[in-house]
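**Q** Whatever this is, show me its structure:
(one chain, ligands or ions: 2)
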Amino acid sequence: MVGLAQRIDTAQGSFEPSPGSSATGPASRSGHPGASPQRAGASLDIQQVSHAFDLDGSTLPVLDQVDLHIEPGEFVALLGPSGCGKSTLLRLIAGLEPPSEGALQENGQPITGPHPSRVVVFQDPTLFPWRTVWRNVALGPEAQGTLKQQRQRVDQTIDRVGLSQFSKAFPHQLSGGMAQRVSLARALVNDPAVLILDEPLGKLDSLTRLTMQSEIVSLWRNQGFTAVLVTHDVEEALFMATRVIVFSERPARIKADFKVDLPYPRHRGDPRLAELRHQSLSLLGLDASW
Ligand SMILES: Nc1ncnc2c1ncn2[C@@H]1O[C@H](COP(=O)(O)OP(=O)(O)OP(=O)(O)O)[C@@H](O)[C@H]1O
Ligand SMILES: [Mg+2]
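**A** Numbers count the residues shown, from 1 in each chain. Ligands and ions are numbered 1, 2, ... in the order given. Predicted coordinates for the structure are as follows:
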């Protein structure tokens, strides 16, 4: 289990020269309809990536020749059976570990470690209980020594996730959905070029979950980052993403890769979503009568 300090450290801590565009000026691209991005999202290239773990002295192959190009500003959802290797792929994209084989690039530059341009949001918000909402969100700028100049940005980001009224609250005074919004704000305050989401809504009740899906989409449309989302929820993937990748059982191979050709805001009752849901469930080996 990775501790909180380590997660923050690895997600934000290494300040090698930026491979991403997050340190450059305002975005000029238009990765998705209706977006008015402040900064460009980065492209990602996953080139023939295979990965294996050592398990009890034997090798456990987890990723098998995964080859994927993600355009700047795409919202890509990854679906696949439990234990197939989705979180492992996210860890490789985040630079938390190197692949056994193959290469990963952000904006054409090799990913050699964690970088503030790629930020991960986990299922568990992992906030510091002794820090207020404001001071939890301020962690990144504080670690980078830029908090003095970024105070307003911290305020704005808290406002963007709808928590201005709670900026002085402590984590135990928040609901689960609110805590997860703090976690999102903590990621977004760093203006990531790539936002990596590992089942960020997995522990929320279904109503909060639906609200948060729309909120994340709206943040993505406003900020223009590239989003890579792992979820077990097929409808969530189809409602949020511009593109869905379906993986096989472990070792994960790409089984399908398709665009969700619907504009935003999307309507959950859209017949096209029902069609894509049917298609995705069959790809996941579930009976098509669902
Ligand atoms: N550090 C590790 N050491 C050994 N094996 C590992 C390690 N991390 C993950 N694994 C193994 O790799 C496989 C893939 O794990 P991963 O967490 O990537 O799956 P996942 O697709 O995210 O699953 P889930 O949907 O349940 O979250 C699992 O079999 C897991 O046991
Ligand atoms: Mg996982």
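**Q** contacts, neighbours, all on C-alpha from now
**A** Fine.
**Q** Buried residues, the top helix by length along the chain. List them.
**A** If you go by DSSP state H, the chain has its longest helix at helix 206-223. By neighbour count on 16 or more other CA atoms under 10 Å, the buried set for helix 206-223 is 209, 212-221, 223.
**Q** Closest one of these to Ser117?
**A** Taking CA to CA as the measure, Gln223 is the one of these closest to Ser117, at 13.3 Å.
**Q** State the distance from that closest one to ligand 1.
**A** Computed as CA to the nearest ligand atom, to the nearest Å, the Gln223 to ligand 1 distance reads 26 Å.
**Q** Then Pro200?
**A** Pro200 is 11 Å from ligand 1, by CA to the nearest ligand atom.
**Q** still on that earlier bit, ligand 1: which of the buried residues of helix 206-223 is nearest?
**A** Arg209 (17.7 Å; CA to the nearest ligand atom).
**Q** Does that closest one touch Pro200 like I think?
**A** No: at 9.4 Å, Arg209 does not count as touching Pro200 under the criterion of CA atoms under 8 Å.
**Q** Format the buried residues of helix 206-223 as a markdown table; extra columns: pLDDT.
**A** Converted to a markdown table, the buried residues of helix 206-223 look like this (pLDDT from 0 to 100):
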| residue | pLDDT |
| --- | --- |
| Arg209 | 90 |
| Met212 | 88 |
| Gln213 | 94 |
| Ser214 | 93 |
| Glu215 | 90 |
| Ile216 | 93 |
| Val217 | 95 |
| Ser218 | 92 |
| Leu219 | 90 |
| Trp220 | 96 |
| Arg221 | 95 |
| Gln223 | 91 |
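**Q** Please spell out which residues along the helix or strand hosting Asp155 are buried.
**A** Counting by DSSP states H and E, the element that carries Asp155 is helix 147-160. By neighbour count on 16+ other CA under 10 Å, the buried set for helix 147-160 is 147, 150, 153-158, 160.
**Q** one step back: just checking, what packs against the longest helix of the chain?
**A** If you count contacts as 3 or more CA pairs under 8 Å, 6 or more residues apart in numbering; DSSP states H and E, helix 206-223 packs onto helix 176-188, helix 234-240.
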